[in-house]
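S.K.: turn this into a model:
(one chain, ligands or ions: 3)
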Amino acid sequence: MQRFNVAKFGGTSVANFDAMDRCANIINNNPETKLILISACSGVTNLLVNLARGVQDETKRNSIIQEISGIHNATIERFSEPHQVRQDINHITQQITQYAYTAVDKPSKQLTDQLVACGELISTYLLTQLMNERGLPVKRFDIRQVLLTDSNFGKAEPQIEQIEALAQKNLIPLLRDHIVVTQGFIGSDIAGHTTTLGRGGSDYSAALIAEAIKADGLEIWTDVPGMYTTDPRIVPQAEPIAEISFSEASEMANFGAKILHPSTLVPALRHNIPVFVGSSKFPEKGGTWIKKQVETCPSFRSLALRGNQTMVTLRSLDMFHAYGFLAKVFEVLAKHKVSVDLITTSEVSVSLTLDQTNTSGGAPQLPPLAREELEALCTVEVENNLSLVALIGNKMRDKKGYAKQVFGTLEDFNLRMICYGASPHNLCFLVEESVAKQAIQCLHKELFENV
Ligand code: ADP
Ligand code: ASP
Ligand code: MG
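M.R.: Residues are numbered from 1 along each chain as shown. Ligands and ions are numbered 1, 2, ... in the order given. Here you go, the predicted model:
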């Protein structure tokens, strides 16, 4: 049976003609790579998110649309046959203009998804044309015919069984004779409305589709040669990791390592599909293999940082030696669809952080109605401008003295909520956003550079 590889290329990997040409080389060099999912060209999603918030000033709105067109036109101008794609791309750009106008008076999550999806809809025209001109047997495919989700715009939930059935019907037949180029990040609900999987969601799309077509491998091509001991932008001394387990890599992604969308490894793990992460600019540098079984399981694997944290502290003397208080709190949160991330409790208070990965971005908000209902139960304090730092590793609780090493290094930092113990793989805490990178730098030096 023919082996299939799914490859995903992120925004910087498809930023312009030369970057896309490097993607085509990578695809061409591996005949097993049959399905390609890509992001919007670098910068485009951010511009579209701005438009979706509603830009009142017409001149400003038009200049954002011009900027988006400028990014795409720079690639189109390099084609031998630019007319092949110009009409389709102009049509989508006109839609952007119309949606952006609507967003001024009636911004909505549904409109945001329609608008931001245009980035991926255009970039796939560009890469398909480039590969066509290189003589590769390529077909552009609209992933909305397969990637069915619920209607939770901005962070839609994929419908796994239907996706598999739709992939069998609409996608697999194409793969027999073609390399298929399609969109990451976007999907469709049952009514045909465009949805998105949340910022950075192309990684997740690639894993979902790899699962649906039962691929033999998933490659995530980005702007760094693999996963590092921490974000190399924060610590230039960070080291690449050659091999890492699904659980460690999932923790990294969950705790903010932007290199992978937090849900990416769920489908890969379900079907035991090995994942490779590498740089599309320097493929020869190798990268990271994420697998079920790995040779080494070090106590300290990496440090991750997640910004934009919102901490909610609820205090009530009724909580003291009483039962049912937390149940009531969570009932209110569930009713208002507030997803809780971390939680710590004392006798009379509970602190929690709110989850945030949806497409609109920004710090997550406690909805005013939820706050009102909580205030009937207890006092409510909401704090912003916090970051979550996570230390990820293996069997940390069995390593004597490590807490002293970690907290000793951080003695000059004002630590907020600390979570430890529920998972053998991590210890995490909140700090003020302004000092978070410094906390990562100090810890990296102590735990990863001085060994
Ligand atoms: P893409 O557009 O290809 O999806 P992203 O910007 O989403 O790329 O993710 C790649 C970035 O993730 C890197 O440039 C790096 O700054 C950041 N990053 C965060 N944590 C890590 C880590 N532990 N290892 C490598 N890169 C990381
Ligand atoms: N283009 C989307 C974003 O910038 C999805 C992705 O790149 O993964 O968030
Ligand atoms: Mg990404």
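S.K.: what about the closest residue in space to T264 that isn't next to it in sequence, which SS state?
M.R.: Excluding its sequence neighbours, the residue lying closest to T264 (C-beta to C-beta, 6 or more residues apart in numbering) is D203, at 4.2 Å. Glycine gets a C-beta too; all of them are placed from N, C-alpha and C. What DSSP: H, G, I helix; E, B strand; the rest coil gives for D203 is helix.
S.K.: which pLDDT value belongs to D203?
M.R.: pLDDT recorded at D203 is 97.
S.K.: and what of L443?
M.R.: Looking at L443, its pLDDT is 97.
S.K.: for the one 3 residues further on, same thing?
M.R.: Among the per-residue scores, E446 shows a pLDDT of 95.
S.K.: distance of it from A212?
M.R.: According to C-beta to C-beta, to the nearest Å, E446 stands 43 Å off from A212.
S.K.: contacting residues around the residue nearest to T264?
M.R.: Applying C-beta atoms under 8 Å, 6 or more residues apart in numbering, we find D203 in contact with 8, 10, 184, 220, 260-261, 264.
S.K.: those residues also near ligand 2: which ones?
M.R.: Restricting the contacts of D203 to those touching ligand 2 (C-beta under 6 Å from any ligand atom) yields 10, 184.
S.K.: near ligand 3, which residues of the stretch 351-451 of the chain are found?
M.R.: When proximity is defined by C-beta under 5 Å from the ion, the stretch 351-451 of the chain lies next to ligand 3 nowhere.
S.K.: can you give me the helices in the stretch 351-451 of the chain?
M.R.: Taking DSSP state H, counting those that start in this stretch to define them, one finds helices in the stretch 351-451 of the chain at 368-375, 402-409, 433-444.
S.K.: buried residues in the second one?
M.R.: Same thing as helix 402-409. Residues 402, 406, 409 are the ones in helix 402-409 that count as buried (16 or more other C-beta atoms under 10 Å).
S.K.: run a quick neighbour tally on the closest residue to ligand 1 within the chain.
M.R.: Here the residue of the chain nearest ligand 1 is G10; by C-beta to the nearest ligand atom that distance is 1.8 Å. Using other C-beta atoms under 10 Å, G10 is surrounded by 22 other residues.
S.K.: go on, the one 10 residues further on?
M.R.: Applying the criterion other C-beta under 10 Å, we find 24 residues in the vicinity of M20.
S.K.: how far out from the middle of the chain is the one helix or strand it maps to?
M.R.: Element membership of M20, judged by DSSP states H and E, is helix 17-29. Mean C-alpha position of helix 17-29 versus that of the full chain (C-alpha atoms, centre = their mean, to the nearest Å) differs by 23 Å.
S.K.: helices or strands up against that helix?
M.R.: Other helices and strands packing on helix 17-29, by 3 or more C-beta pairs under 8 Å, 6 or more residues apart in numbering; DSSP states H and E, are strand 5-9, strand 33-38, helix 58-76, helix 109-133.
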